[in-house]
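Colleague: got a sequence here, can you build the structure:
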Amino acid sequence: MKSLIDLFHTVLREMGTRCCVCTIRDYQTVTERIEHEGLSFLTITLPAYGNDFQRALSLGSADPDLFRSFHRRGSLPRFLGGFLDRVFDRSSGLLLDDPCVDSIFAIRQLTLMFGKILMPCSDARIRGAMRKYIECEQEVREADKKISVEELNDFHRVSVLLWAGVLNRLDGDIYEGKLIPQHGPGATADRLKGNRKYDLTEWPERLERVFPHGDNALANLRFSYLRDRIDFLEPGAERPVRVISVPKTLKTPRVIAIEPTAMQYMQQAIKRNLYRYIEQGYYECSKFYSCPAQGMIGFDDQIPNQEMARIGSLTGALATLDLSEASDRVSNQHVRTLLRNHPQLNEAVDACRSRKADVAGHGVVRLAKFASMGSALTFPIEAMVFLTLVFVGIERVHKSQLTRKQIMRFRGKVRVYGDDIIVPVEYTHSVVSTLESFGYKVNTDKSFWNGKFRESCGKEYFDGHDVSICRVRRSLPARLTDVQELISTVSLRNQLYFAGLWNTARELDTLLERILVHYPAVMPTSPALGRHSHLGADSGSKWDDDLHVRMVRAYVPKSLIPKSNISGEGALLKCLLSQSDEPVADEKHLERQGRPVAVNIKLRWVMPH
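Modeller: Next up is the predicted model:
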């Protein structure tokens with residue numbers, strides 16, 4: 001197996017055997033089209049086919065507008081026709097009464113497996129993504145003008161029902177100075193990395209009014225002399241976020257905004273308490289309260305969304321919605337309305353929000369959006385806004401105002417995780433209309449409320465059956481120095497094995513054994529690069545007298561944390577902030593800090609379980 005094309009052909013053969021389908025003509029079609037279209041056939045054209053197939057499952061028929069890049073015979077495409085005939089009726093295009101679940105999985109696996117492979121986009125596509133970022137910003141401004149006062153009042157009233165207690169508690173924390181800041185692991189606009197972030201050189205005046213530098217960025221006031229080294233920036237001189245693109249797919253890059261260090265530092269402080277109060281509840285006057293939205297919003301756990309998607313596919317009672325450009329369409333006007341009754345929190349969130357963005361090819365622009373992906377507050381705030389709009393949409397169906405008690409009855413029926421939204425089917429059209437009236441775009445290719453197909457948080461189901469696929473994230477390795485590709489391919493092999501694609505897993509084993517040489521069977525809990533199996537791990541060829549277990553020889557991923565110096569004052573601040581949460585486990589954290597600059601693999605003796 002030498003290429004991604006070989007991998008596709010291997011999966012095609014195995015899926016054909018599993019579903020009793022002849023794939024000879026499909027093999028020829030793929031070979032011919034790759035010769036003419038190149039790798040984009042696998043990474044762009046086939047995923048479009050997969051998305052059309054999912055839409056057909058939702059509609060219950062293969063609509064004539066679908067599968068436009070492929071020739072048809074009857075109502076269905078010729079390509080992968082053997083699988084399609086087990087799902088749809090070829091003459092009418094209608095979904096069969098008892099479609100073959102294995103064939104549904106096969107079509108999805110074959111068409112979507114390369115859709116999210118990490119490959120750099122062309123310069124033209126990157127420029128297009130930046131242009132789209134600017135266009136989205138203009139659309140947010142236009143949407144703000146169209147929202148009526150009545151709509152904003154409805155939004156605010158529902159937000160009070162959902163979030164009043166949480167936001168009151170957070171408002172008090174800010175007034176009393178109880179927030180504990182922390183630095184994130186990522187890059188910053190002022191290019192401070194690792195431990196250097198604890199020796200800040202800039203602090204916006206807007207931030208100083210709410211979060212004084214001396215209270216938040218100094219270990220104690222004995223180090224107030226450090227303030228002489230700080231550049232306190234007036235609003236006009238503030239550093240803008242740096243908008244960049246990072247690889248996502250061959251079709252389009254991911255656009256993110258890198259925040260200044262000081263802004264991100266205090267965003268993390270608000271985020272920490274916001275998560276805690278929503279998910280765990282809070283105390284007021286020695287009495288415990290839970291957030292009405294508890295159980296309907298998630299920040300760390302995707303499993304509830306996935307389970308609700310499974311139930312929705314089985315019963316048809318729940319719809320799964322997905323938003324396009326969700327982070328970039330959250331207007332600052334929506335956030336100000338959300339926080340209207342909480343002056344301390346409103347001022348704090350506004351103080352640590354960057355107002356300008358430096359967009360490649362377009363210069364510095366002023367932002368109408370709340371924040372792009374990259375701000376620590378983007379994910380929780382957007383989820384709160386979306387959940388509020390969901391209940392505004394539900395109210396419109398009932399034609400009456402909801403109460404707190406009525407909202408809590410929707411636990412298990414409504415849930416938001418980022419831009420993945422689940423609602424009861426009967427409210428779908430009202431919720432979609434409400435979201436669109438506030439300027440959001442529902443991604444119809446990834447939103448499902450008809451039929452038996454549902455998708456949420458990386459899991460897909462048809463009629464209660466898991467039809468989630470294994471995705472190829474990187475190219476296949478050719479030598480031992482292709483470290484990222486080796487790690488990704490081992491992971492892919494193990495996913496394919498547990499998905500029942502054993503022949504494909506065996507082919508990948510042949511490739512990996514030739515490169516790694518030491519490639520044992522290990523348990524999923526082992527750090528080694530090895531085969532996972534239902535049969536268990538190798539017994540081991542060496543006895544460890546210290547651990548009293550048998551060991552296997554295998555390659556283990558190793559990432560080197562870069563060197564990162566820190567001043568004495570910064571070291572004390574870091575230790576005090578760390579102790580406020582939990583002690584730092586790495587004893588060399590004051591010498592090395594930050595994301596690894598590279599990943600390597602090392603051959604050593606390791607436990608197989």
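Colleague: residue contacts, the spatially closest residue to Tyr289 that is not a sequence neighbour?
Modeller: Of all residues not flanking Tyr289 in the chain, Gly165 sits nearest, at 5.3 Å (C-beta to C-beta, 6 or more residues apart in numbering). C-beta coordinates here come from the backbone N, C-alpha and C atoms, glycine included. The contact partners of Gly165, taken as C-beta atoms under 8 Å, 6 or more residues apart in numbering, are 277, 282, 284, 289, 291-292.
Colleague: with Asp190 instead?
Modeller: 201-202, 239, 260-261.
Colleague: would you list those in CSV and tack on secondary structure, distance to Val397 and neighbour count?
Modeller: Putting the contacts of Asp190 into CSV (DSSP: H, G, I helix; E, B strand; the rest coil; distance: C-beta to C-beta, whole Å; neighbours: other C-beta atoms under 10 Å) gives the following:
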residue, secondary structure, distance to Val397, neighbour count
Thr201, coil, 53, 12
Glu202, strand, 49, 19
Arg239, coil, 46, 20
Pro260, coil, 43, 24
Thr261, helix, 46, 26
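Colleague: of the contacts of Gly165, which is the nearest to Tyr555?
Modeller: Using C-beta to C-beta, Tyr277 comes nearest to Tyr555 of the contacts of Gly165, at 44.1 Å.
Colleague: neighbours of that closest one, just the number please.
Modeller: By the measure other C-beta atoms under 10 Å, the count of residues near Tyr277 is 23.
Colleague: put the alpha carbons of the host helix or strand of it into PDB.
Modeller: Tyr277 is part of helix 261-280 when elements are defined by DSSP states H and E. Written as PDB, here are the backbone C-alpha positions of helix 261-280 (Å, rounded to 0.1, in the frame of the first residue of the first chain):
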ATOM      1  CA  THR A 261      -1.700  38.000  25.800                       C
ATOM      2  CA  ALA A 262      -3.300  40.300  28.300                       C
ATOM      3  CA  MET A 263      -6.800  39.900  26.800                       C
ATOM      4  CA  GLN A 264      -6.500  36.100  26.700                       C
ATOM      5  CA  TYR A 265      -5.200  36.100  30.200                       C
ATOM      6  CA  MET A 266      -8.400  37.700  31.600                       C
ATOM      7  CA  GLN A 267     -10.700  35.900  29.200                       C
ATOM      8  CA  GLN A 268      -9.600  32.700  30.800                       C
ATOM      9  CA  ALA A 269     -10.500  34.100  34.300                       C
ATOM     10  CA  ILE A 270     -14.100  34.800  33.300                       C
ATOM     11  CA  LYS A 271     -14.400  31.500  31.400                       C
ATOM     12  CA  ARG A 272     -13.300  29.400  34.400                       C
ATOM     13  CA  ASN A 273     -16.000  30.600  36.700                       C
ATOM     14  CA  LEU A 274     -18.600  30.700  33.900                       C
ATOM     15  CA  TYR A 275     -18.100  27.000  33.200                       C
ATOM     16  CA  ARG A 276     -18.200  26.200  36.900                       C
ATOM     17  CA  TYR A 277     -21.500  28.000  37.700                       C
ATOM     18  CA  ILE A 278     -23.300  26.600  34.600                       C
ATOM     19  CA  GLU A 279     -22.200  23.000  35.000                       C
ATOM     20  CA  GLN A 280     -21.900  22.600  38.800                       C
END
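Colleague: may I see the buried residues of the following helix or strand past that helix?
Modeller: Once helix 261-280 ends, the next helix or strand along the chain (criterion: DSSP H and E) is strand 282-284. The neighbour-count check on strand 282-284 (16 or more other C-beta atoms under 10 Å) flags Tyr282 as buried.
Colleague: and strand 282-284, average pLDDT?
Modeller: Over the span of strand 282-284, the pLDDT mean works out to 77.
Colleague: what lies in contact with the next helix or strand after it?
Modeller: Going down the chain from strand 282-284, the next helix or strand is strand 287-289, by DSSP H and E. Outside strand 287-289, the residues that touch it by C-beta under 8 Å, 6+ apart are 165, 281-283.
Colleague: what residues of strand 287-289 count as buried?
Modeller: Tyr289.
Colleague: give me the neighbour count for Thr249.
Modeller: Per other C-beta under 10 Å, the neighbour tally for Thr249 reads 18.
Colleague: picking that back up, between the contacts of strand 287-289, which is closest to Asp466?
Modeller: Using C-beta to C-beta, Gly281 is the member of the contacts of strand 287-289 that sits closest to Asp466, with 32.9 Å.
Colleague: circling back: wait, which of the contacts of strand 287-289 is closest to Val442?
Modeller: Of the contacts of strand 287-289, the one sitting nearest to Val442 (C-beta to C-beta) turns out to be Gly165, at 29.9 Å.
Colleague: and the closest one, its phi and psi?
Modeller: Torsion angles at Gly165 (phi, psi; degrees, to the nearest 10) stand at phi -60, psi -50.
Colleague: now do it against Glu569, distance only.
Modeller: For Gly165, the distance to Glu569 equals 38 Å [C-beta to C-beta, to the nearest Å].
Colleague: what do you get for Pro240?
Modeller: In terms of C-beta to C-beta, Pro240 sits 28 Å off from Glu569.
Colleague: which one of the two is surrounded by more residues?
Modeller: Using other C-beta under 10 Å as the criterion, Pro240 and Glu569 rank with Pro240 on top: 21 against 18.
Colleague: tell me the SS of Ala371?
Modeller: In three-state terms, and counting by DSSP: H, G, I helix; E, B strand; the rest coil, Ala371 is coil.
Colleague: and the one 10 residues further on, by the same measure?
Modeller: Per three-state DSSP, the secondary structure class of Ile381 is helix.
Colleague: mind listing what it touches?
Modeller: So Ile381 contacts 330, 335, 338, 349, 370-371 (C-beta under 8 Å, 6+ apart).
Colleague: how about a cut-off of 7 Å?
Modeller: By C-beta atoms under 7 Å, 6 or more residues apart in numbering, the contact set of Ile381 is 330, 335, 370.
Colleague: show me which of those is closest to Gly184.
Modeller: Phe370 (17.8 Å).
Colleague: give me the pLDDT for the closest one.
Modeller: 96.
Colleague: most widely separated two among the contacts of Gly165?
Modeller: Pairwise over the contacts of Gly165, using C-beta to C-beta, the maximum falls at Glu284 and Pro292, 14.2 Å.
Colleague: so which helix or strand of this protein has the lowest pLDDT on average?
Modeller: Of all helical and strand segments in the chain, the minimum by mean pLDDT, DSSP states H and E falls on strand 282-284, at a mean of 77.
Colleague: against which helices or strands is that one packed?
Modeller: Secondary-structure packing of strand 282-284 (3 or more C-beta pairs under 7 Å, 6 or more residues apart in numbering; DSSP states H and E): helix 149-176.
Colleague: now do the helices in the stretch 251-400 of the chain.
Modeller: With helices called from DSSP state H, counting those that start in this stretch, the stretch 251-400 of the chain shows them at 261-280, 303-315, 332-338, 343-351, 378-398.
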